[in-house]
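# coords please:
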Amino acid sequence: MKFLICVAAYVAIASAEVFFKETFDESYADRWVVSDWKKAAGEAGKWELTAGDWYGDAEADKGIQTSQDARFYAISAKAENTFTNKDKNLVIQFQIRFPQKIDCGGGYIKLMPKGLDQSKFNGDSEYSIMFGPDICGTGTKRVHTIFNYKGENKLIKKEVSCETDQTSHVYTLIVKPDNTYEIKIDGDSKQTGDLTDDWDFLPPKKIKDPEQSKPSDWVDTPMIDDPEDVKPEGYDDIPKQIVDPEAEKPEDWDDESDGEWEAPLLDNPDFKGEWKPNQIANPDYKGPWIHPEIDNPEYEADDTIYAYDDLEAVGIEIWQVKAGTIFDNIIVTDSLEEAEAFKAETFDANIAGEKAMFEAAEKAKTQKEEEERKKLEEERIAAEADDDEEEPEKDEL
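Below you'll find the predicted structure:
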């Protein structure tokens, strides 16, 4: 049985089609084009090839890193051939790291149709899918998943939280030909569903009947004032505050200089506030009125929402307040098995080493900070001691 499963897995991967793959080595600049967008204004950031300060493998973990704060970044690469995901899965997967403790900035990639002018690639360039983490302050820490449908960008309605620590993570989007999807982080499923449910691609199937309205005699008030409940006589004569009966004029009070003495007021325990009649169940209550619905004449089912023709390029177009993000190991394929094998080869093989190196770096940083704190404390104590020794000399003078 194990042999048959292995054979089936091999056949699935062997028949898979990889549309785009990038691991970023020294030759990446031959395949990727940095956009001229924002260069003239001096607002375009520079990319650097690096494995960062912690990694599992110094060469295999190299990716492209944003290197300047408060800059726009735009870079893209084209597949060898245009491709479509019609009648097949589309899997978009990439690895990303935020070593800078990102406070505000994007970490997503874009899949774009044929026709992109890479030298002018910018935030307004047409794209088919945008996918990946977006972080800004404490309010925005989510996975963006946006599809372009009939010229409009549609954002997922569900909230999918992203990772915000300083080590690498892998984000995977799977779009299936039955109009369903799945979002994974590090291989773990974070969200699944139907495209038509979780995005506003189509108008609603049902709408409120425009020819129907709530009848004028419809009673939807569940409780009413008790008509037999009467305000007690003298209720409004009860004051909110009364003179404190225990207050006494101070013996040293001088009416001429202090003015006429007035006893302080205190809340009246007998005061009950504004009178309101008791409530009783409304005998005419019919319940909430529900607007009848009819089939929406503008609704038209579309079983090809998932499909894109003439896909061609992968791009990264982001703004970052604090730079340092590293993008790596991008794959676009029609096979989840292929994407998982790529993840195992790149991410799974090195993440333990990366985390160990990160923890060692954090430990060394903490130790250094503690040593500096102790040094400053010792200098402060020594300075105070010197001041104490000088005091007797001043007294003698």
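
# same for the top strand by length along the chain, what does it pack against?
In terms of residue count, the longest strand belonging to the chain (DSSP state E) is strand 71-83. Contacts defined by 3 or more CB pairs under 8 Å, 6 or more residues apart in numbering; DSSP states H and E place strand 71-83 against strand 18-22, strand 32-34, strand 311-320. Backbone N, C-alpha and C define where each C-beta goes, glycine included.

# give me that answer again for 10 Å
For strand 71-83, the packing partners by 3 or more CB pairs under 10 Å, 6 or more residues apart in numbering; DSSP states H and E come out as strand 18-22, strand 32-34, strand 47-50, strand 63-66, strand 104-106, strand 109-113, strand 311-320, strand 326-333.

# can you show me the strands along the stretch 51-200 of the chain?
For the stretch 51-200 of the chain, the strands defined by DSSP state E, counting those that start in this stretch occupy 63-66, 71-83, 90-97, 104-106, 109-113, 129-136, 140-149, 152-155, 169-175, 180-185, 188-194.

# distance from the chain centre to the shortest one, please.
Strand 104-106 has its C-alpha centroid displaced from the chain centroid by 10 Å (CA atoms, centre = their mean, to the nearest Å).

# can you list contacts of it?
For strand 104-106, contacts defined as CB atoms under 10 Å, 6 or more residues apart in numbering pick out 66, 69-71, 73, 98, 130, 132-137, 140, 144, 316-325.

# give me the buried subset of these.
The neighbour-count criterion (16 or more other CB atoms under 10 Å) marks 66, 71, 73, 98, 130, 132-135, 144, 316-320, 323-325 among the contacts of strand 104-106 as buried.

# so where is this protein shaky, pLDDT-wise?
Scanning the chain with the threshold set as pLDDT under 70 gives 1-14, 388, 390-397.

# what about Ala290, distance to Pro222?
I think there's a mix-up here, since residue 290 is Ile and not Ala. 15 Å (CB to CB, to the nearest Å).

# over to Asn179?
Relative to Pro222, and taking CB to CB, Asn179 is found at 42 Å.

# neighbour-wise, which of the two wins?
Each of Asn179 and Pro222 has its neighbours counted (other CB atoms under 10 Å); Asn179 has more, 19 against 12.

# name the nearest residue to the more buried one, sequence neighbours excluded.
With sequence-adjacent residues excluded and distances taken as CB to CB, 6 or more residues apart in numbering, Asn179 is closest to Leu195, at 4.6 Å.

# thought the one you found was touching Ile174?
No. Contact between Leu195 and Ile174 fails when scored by CB atoms under 10 Å: they sit 11.7 Å apart.

# in stretch 109-129, what counts as buried?
Ile109, Lys110, Leu111, Met112, Pro113, Leu116, Gln118, Phe121, Ser125, Tyr127, Ser128, Ile129.

# most widely separated two among these?
Using CB to CB, the pair of the buried residues of stretch 109-129 lying farthest apart is Gln118 and Ile129, separated by 17.7 Å.

# spell out the residue ranges of the strands in the stretch 251-397 of the chain.
Under DSSP E, counting those that start in this stretch, the stretch 251-397 of the chain gives strands at 265-267, 279-281, 293-295, 311-320, 326-333.

# which one of these lies nearest to Asp87?
Nearest of these to Asp87, taken as CB to CB: strand 311-320 at 14.1 Å.

# relative to strand 18-22, how tilted is that closest one?
On the basis of axes from the mean of the first three to the mean of the last three CA atoms, to 10 degrees, strand 311-320 is oriented at 30 degrees to strand 18-22.

# still on that earlier bit, make TSV out of the buried residues of stretch 109-129 and add distance to Lys39.
Formatted as TSV, the buried residues of stretch 109-129 follow (distance: CB to CB, whole Å):
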residue	distance to Lys39
Ile109	21
Lys110	20
Leu111	24
Met112	20
Pro113	25
Leu116	18
Gln118	14
Phe121	12
Ser125	16
Tyr127	21
Ser128	26
Ile129	26
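
# for Gln241, phi and psi?
phi -130, psi 150 (degrees, to the nearest 10).

# okay, and the beta partners of it?
Going by DSSP bridges, Gln241 is paired in beta bridges with Asp267.

# ok, it - contacts?
Contacts of Gln241 (CB under 10 Å, 6+ apart): Pro264, Leu265, Leu266, Asp267, Asn268, Phe271.

# let me know the outermost residue of the protein.
No residue in the chain has its C-alpha farther from the mean C-alpha position than Glu256, which lies at 70.0 Å (CA atoms, centre = their mean).

# on that earlier part again, what's the spacing between the longest strand of the chain and its chain's center?
Worked out by CA atoms, centre = their mean, strand 71-83 lies 24 Å from the chain centre.

# and Ile96, how many neighbours does it have?
A count of nearby residues for Ile96, using other CB under 10 Å, gives 23.

# and Glu338, by the same measure?
Using other CB under 10 Å, Glu338 has 22 neighbouring residues.
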